[in-house]
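Colleague: Have a look at this fold, sequence not included:
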Ligand SMILES: NC(=O)c1ccc[n+]([C@@H]2O[C@H](COP(=O)([O-])OP(=O)(O)OC[C@H]3O[C@@H](n4cnc5c(N)ncnc54)[C@H](OP(=O)(O)O)[C@@H]3O)[C@@H](O)[C@H]2O)c1
């Protein structure tokens with residue numbers, strides 16, 4: 001399969017790329033920087049699969065600067081799986097919230113997945129029975145425990161969950177399915193920033209294995225579902 005992953009320089013996204021390649025899938029990784037590309041290319045070579053890194057973020061979509069990504073995806077005849085993993089958390093209380101920060105989180109956590117998801121459709125780059133997996137958060141899962149300072153982040157992830165449900169309805173006659181996994185705590189840089197004194201029981205590699213397994217199964221029983229994936233939540 002061809003798996004497109006956003007936000008691959010670190011954390012869960014980087015681990016998703018490796019887990020997918022371990023399972024013999026080709027990976028196209030999108031990142032703002034090229035720092036991780038060489039390492040992942042070596043990893044791909046050792047697993048005899050393809051890895052192609054493309055320097056890309058939502059700004060490219062705003063500027064219609066999509067030619068390189070289009071060429072790469074056309075050459076491999078499109079994607080079977082899109083994993084919208086890129087995410088941004090900036091901790092701040094509502095009263096003191098910097099509105100630019102709020103905009104940044106909405107851009108990365110909501111706008112980026114939405115416009116990339118639609119761009120692939122407009123360019124006919126989804127293969128038959130493609131599966132879109134949005135990486136949400138327990139912070140944005142309705143009824144979950146909430147924490148001070150995570151309001152903007154949680155609201156953006158809740159919107160991502162709503163986007164998932166709504167798009168499944170709009171595209172119900174398409175062969176593409178879309179689901180949202182609301183992750184609990186995973187030990188990454190993002191978690192350390194949000195909860196400096198907390199140690200998660202789940203490592204990025206463990207979560208990545210679950211995400212890839214769910215994504216490539218393209219489960220026919222799930223479409224438009226918002227699913228909690230958490231042992232516990234700090
Ligand atoms: N860790 C947790 O406990 C946890 C819990 C629930 C949900 N999640 C979700 O899991 C996903 C991965 O998180 P993580 O914990 O692995 O975090 P991370 O280590 O901070 O990695 C986040 C990734 O998002 C991308 N990113 C960050 N800022 C960006 C920006 N301004 N524009 C475009 N891309 C940006 C980066 O990709 P590049 O540098 O490659 O561009 C980075 O690799 C996120 O969606 C996060 O919300 C994590």
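Modeller: Noted; the coordinates are in hand. Note that the structure is a prediction, hence the values are computed from the model and not measured.
Colleague: In the chain, which helix is the longest?
Modeller: helix 151-170 (DSSP state H).
Colleague: What's the local residue count around residue 210?
Modeller: 15 (other CB atoms under 10 Å). The way it works is simple: take the backbone N, C-alpha and C, and place the C-beta from them, glycine included.
Colleague: Repeat that for residue 160.
Modeller: There are 25 residues near residue 160, going by other CB under 10 Å.
Colleague: residue ranges of the strands in the protein, please?
Modeller: 2-6, 26-31, 51-55, 79-84, 126-137, 177-183, 226-229 (DSSP state E).
Colleague: Return the residues of this structure in contact with the ligand.
Modeller: 7-13, 31-33, 57, 85-88, 108, 135, 137, 183, 185-186, 188-191 (CB under 6 Å from any ligand atom).
Colleague: Tell me the pLDDT of residue 154.
Modeller: On the pLDDT scale, residue 154 is placed at 98.
Colleague: same question, residue 184
Modeller: For residue 184, the model assigns a pLDDT of 96.
Colleague: Now the longest helix of the chain: buried residues?
Modeller: 151-161, 163-164, 167-168 (16 or more other CB atoms under 10 Å).
Colleague: so how far is that helix off the chain centroid?
Modeller: The gap between where helix 151-170 is centred and where its chain is centred comes out at 13 Å by CA atoms, centre = their mean, to the nearest Å.
Colleague: Check which helices and strands that helix is in contact with.
Modeller: helix 99-106, helix 112-122, strand 126-137, strand 177-183, strand 226-229 (3 or more CB pairs under 8 Å, 6 or more residues apart in numbering; DSSP states H and E).
Colleague: Could you single out the most deeply buried of these?
Modeller: A comparison of those by mean neighbour count, using mean count of other CB atoms under 10 Å, puts strand 177-183 on top with a mean of 24.
Colleague: re the thing from before, adding distance to residue 104 as columns, could you present the strands of the chain in CSV?
Modeller: CSV is the format used below for those (distance: least, CB to CB, whole Å):
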stretch, distance to residue 104
strand 2-6, 15
strand 26-31, 17
strand 51-55, 19
strand 79-84, 16
strand 126-137, 16
strand 177-183, 20
strand 226-229, 23
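Colleague: Many thanks, I have nothing further to ask.
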